[in-house]
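Visitor: make a model of this:
(one chain, ligands or ions: 1)
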Amino acid sequence: RTFLQTTTSVALAAGAGLSVRPARAAEFQLRWGFNLAESHPITARAREAAERVLSETKGRVEINVFPNNQLGGDTDMLSQLRAGGLDLFLNSGINVLSTIVPSASIYGLGFIFPDYGAVWKAMDGQLGDALRTAIGKVNLVPMAKMWDNGFRNITTSSKQINTPADLKGVKIRVPVGALWTSMFQAFGAAPTAINYSELYSALQTKIVDGQENSLANIFTANLFEVQKYCALTGHMWDAFFCVANKRNWEAIPQDLRAIVATAINDAAMAERKDMATLATTLRGDLAKKGLIFNEPDVNAFRDALRSAGFYKEWRTKYGEELWTMLESTAGKLT
Ligand code: X2X
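Guide: Next up, the predicted model:
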C-alpha cells in the first residue's frame, strides 16, 4: 500500500524550514516510477511536476519520483502498478504496456511518421485518444499528454549497419513488446527482449551486440561506453504514456486529481521541448564520446519491412478502425 492516508499529523523534524516538504505527512502520497536515467529530461520534468503538485495542493498530495528503475525493471513496475503498489508509471505503449493493451503499440510501426508535426497531430488527436480509451479499459487511467522518447537509431559494437542486409543475424536487444521483436525479425536480425534496467550490462557482457534507442537514451544511459557505431535509421518514434492505477487515482478527491493531471501534462509538454532542444546537440556530444555515426538509406529499411509482410501482418492485428486513423496522418502503408 503506497497510498498512505494519514489522519494523524506527523510533524517532521524541527528546523526543516528551508525544505519544501510539508510540516506534516501528506494525506496522499503517490509513487511514480519509470526506467529513464536521472539525467534524462523526463526525470527533471517529473520532479518539477511533483514540486508543483506539493505546492498547489498545499502539501496534501506528495509525489515521490523513482527514476532509473529504482523500483525494478519495466516488467516489475507494471506488476506493481496493477497491484496498486505503484500509483503512477511512465511507460511506452510499445513496451510492457502493450502486453496488456496490445493496440497501444501501433504508433511504433516502422517509418510511419516523417517528423514531429505528424507525430503530435496523431498522438494528441484521434489516434492517441483511441489508445487512451483502450488503456482506460484495463483499470489504468492515462494522462492526456504523452512524453517524448524520441526517434530511434541502431547502435552496435562489432560492425556498422548500412543496409538491412547488415542486420542479418545480428543479436539486438529490443524492449519487451511484440511489435519490437516482430520488426527486428522482419529486418532479418536476431532480437532478444530485455528490459532497459538490464540493457547496459547485456551490452557490456555481449549477450547482445546492439540495441536501438533515442540519442537521448544512448547518452543518458551511457550506452556509448559499450557501443561503437550508431546508424541513424530513425526507424520508429517512441513516447511514454503516464498511467495511474485506477483505484488509487479515484481515491484522490477530484479537485486534487485535476491539479496532479495538469502538472503532469504541463511537464510532458515542457519535456517535448527539452527533447527538441537536445536533438540539436546530441549527435555532436555522442561523437565526442567516440560513437561513430553513419546515415543509411532509410528507404531500404522501410522496403525490407514491406517485403517481409510486416505492415500487412500488423494491419490484421490492429484492425481496420485504428489502421484508418493511422493512415489519415501517416499516409498509405500497405
Ligand atoms: O527500454 C527502452 O529502450 C526505452 C527506455 O527506450 C523504453 O522504455 C522503450
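Visitor: is residue 293 in a helix, a strand, or coil?
Guide: Look at residue 293: counting by DSSP: H, G, I helix; E, B strand; the rest coil, its state is strand.
Visitor: now do the one 3 residues further on
Guide: Secondary structure, three-state DSSP: residue 296 is coil.
Visitor: can you name every helix or strand that the longest helix along the chain contacts?
Guide: The longest helix of the chain (DSSP state H) is helix 254-278. For helix 254-278, the helices and strands in contact under the criterion 3 or more Cβ pairs under 8 Å, 6 or more residues apart in numbering; DSSP states H and E are helix 41-56, strand 61-66, strand 147-151, helix 215-220. The C-beta positions use only the backbone N, C-alpha and C, and glycine is treated the same way.
Visitor: what's the local residue count around residue 80?
Guide: Neighbourhood size, residue 80 [other Cβ atoms under 10 Å]: 18.
Visitor: wait, it sits on residue 91?
Guide: No: counting by Cβ atoms under 8 Å, residue 80 sits too far from residue 91 to count as a contact (11.7 Å).
Visitor: any chance of the helices and strands packed on helix 254-278 in a markdown table, plus distance to residue 117, mean neighbour count and mean pLDDT?
Guide: Listed next are these as a markdown table, based on distance: least, Cβ to Cβ, whole Å; neighbours: other Cβ atoms under 10 Å; pLDDT from 0 to 100:
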| stretch | distance to residue 117 | mean neighbour count | mean pLDDT |
| --- | --- | --- | --- |
| helix 41-56 | 20 | 20 | 98 |
| strand 61-66 | 30 | 20 | 98 |
| strand 147-151 | 13 | 24 | 98 |
| helix 215-220 | 20 | 23 | 98 |
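Visitor: let's have these in a markdown table, adding distance to the ligand.
Guide: Shown next, in a markdown table, are the helices and strands packed on helix 254-278 (distance: least, Cβ to the nearest ligand atom, whole Å):
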| stretch | distance to the ligand |
| --- | --- |
| helix 41-56 | 10 |
| strand 61-66 | 15 |
| strand 147-151 | 5 |
| helix 215-220 | 5 |
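Visitor: what about the helices in the stretch 1-150 of the chain?
Guide: Taking DSSP state H, counting those that start in this stretch, the helices of the stretch 1-150 of the chain run over residues 41-56, 74-83, 116-123, 126-136.
Visitor: which residues touch the shortest one?
Guide: Which is helix 116-123. 107, 113, 128, 146, 237, 239, 272, 276, 325, 326, 329, 330 (Cβ atoms under 8 Å, 6 or more residues apart in numbering).
Visitor: now the helices of the stretch 1-150 of the chain as a markdown table including distance to residue 193?
Guide: What follows is these, written out as a markdown table (distance: least, Cβ to Cβ, whole Å):
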| stretch | distance to residue 193 |
| --- | --- |
| helix 41-56 | 22 |
| helix 74-83 | 10 |
| helix 116-123 | 24 |
| helix 126-136 | 21 |
